[in-house]
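> predicted structure and sequence below. I'll ask about it afterward.
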Amino acid sequence: NAGVTQTPKFRVLKTGQSMTLLCAQDMNHEYMYWYRQDPGMGLRLIHYSVGEGTTAKGEVPDGYNVSRLKKQNFLLGLESAAPSQTSVYFCASTDRGRYQPQHFGDGTRLSIL
Amino acid sequence: AQSVTQLGSHVSVSEGALVLLRCNYSSSVPPYLFWYVQYPNQGLQLLLKYTTGATLVKGINGFEAEFKKSETSFHLTKPSAHMSDAAEYFCAVSDPYSGAGSYQLTFGKGTKLSVIP
């Protein structure tokens, strides 16, 4: 059981380049989330989805777009990368209910030069 | 809005000593609380959670946490630290007012635990 899988694990981009991060979960979860983690800042929510075909903005959505065309996949896109987007990105998924924990992938380490 | 405060961004303990990581929350409704652990270059793993019922919650790797409503606290403890406990720990509260029933979590900023041999 793989859980939540993120690809790629590492990436270096130049300013202005675009890329897509892929998150896949095999737990049939309805809810999926993208976070960024920066030193001393904890985890900040970028975008989330409450089901296939839905997306919504989180705390820090600017500069990012997302899509959830299939229930198991949640894509995070950077259209024009900026150095401020250098971070570690985590995807998570959960089932319905406040008592349910979120399950995390191992992260994508992204550097923008 | 919910909030989580973790006192101490970095805590050092000696191997075999008590581990105490502090978490205080604010919530206008009965909270659901979580502790996660993050080992270097890995994602977050659930240590334990409090939903309802018993206020002392046991988790993996010998950790436990006690929910104290009067103190709005959910501190994490372990009687005897091991070298393998060195990691970053995050406290989180489930946000009942997050958009469209999205079951968002509000995280604290984390506490990095170092274990000294």
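Now that the structure is in, tell me what you want to look at.
> for chain A, what lies in contact range of chain B?
Counting by Cβ under 8 Å from any Cβ of the partner chain, the residues of chain A close to chain B are A:4, A:31, A:33, A:40-43, A:45, A:48, A:50, A:56, A:58, A:90, A:92, A:94, A:96-107. (Glycine included, C-beta is placed from N, CA and C.)
> cross those residues against strands and list the overlap.
A:4, A:31, A:33, A:42-43, A:45, A:48, A:56, A:90, A:92, A:94, A:103-104 (DSSP state E).
> just the buried ones from the residues of chain A next to chain B, in PyMOL syntax?
Buried residues within those, by 16 or more other Cβ atoms under 10 Å in any protein chain shown, are selected in PyMOL with:
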select buried, chain A and resi 4+31+33+42+43+45+48+50+56+58+90+92+94+98+100+101+102+103+104+105+106+107
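> I'd like the distance between B:Phe107 and chain A.
From B:Phe107 across to chain A, the span is 5 Å (Cβ to the nearest Cβ, to the nearest Å).
> let me see the confidence value for that residue.
Looking at B:Phe107, its pLDDT reads 92.
> and it, how many residues sit next to it?
Per other Cβ atoms under 10 Å in any protein chain shown, the neighbour tally for B:Phe107 reads 23.
> repeat for B:Ser26
Count around B:Ser26 with other Cβ under 10 Å applied: 13.
> contacting residues for residue 90?
Chain wasn't specified; assuming chain A. A:6, A:34-37, A:43, A:104-105, A:107-108, B:43-44 (Cβ atoms under 8 Å, 6 or more residues apart in numbering or on different chains).
> wait, I meant chain B there
Contacts of B:Phe90 by Cβ under 8 Å, 6+ apart are A:42-43, B:6, B:35-38, B:44, B:107-108, B:110-111.
> next one: A:Arg36
A:43-44, A:46, A:60, A:87-90.
> one more time with 6 Å
Residues counted as contacts of A:Arg36 (Cβ atoms under 6 Å, 6 or more residues apart in numbering or on different chains) are A:44, A:46, A:87, A:89.
> for it, which non-adjacent residue is closest in space?
A:Ser87 (4.3 Å; Cβ to Cβ, 6 or more residues apart in numbering or on different chains).
> isn't the one you found right up against A:Pro39?
No: if you go by Cβ atoms under 6 Å, A:Ser87 and A:Pro39 don't touch, sitting 9.6 Å apart.
> for chain B, what helix or strand is lowest in average pLDDT?
strand B:105-107 (a mean of 90; mean pLDDT, DSSP states H and E).
> now the helix or strand that comes right after that strand, how far from the centre of its chain.
Remark: after strand B:105-107, the chain's next helix or strand is strand B:111-116, criterion DSSP states H and E. Centroid separation for strand B:111-116 versus its chain: 14 Å, with Cα atoms, centre = their mean, to the nearest Å.
> strand partners (parallel or antiparallel) of strand B:111-116?
strand B:10-14 (parallel), strand B:87-94 (antiparallel) (DSSP bridges).
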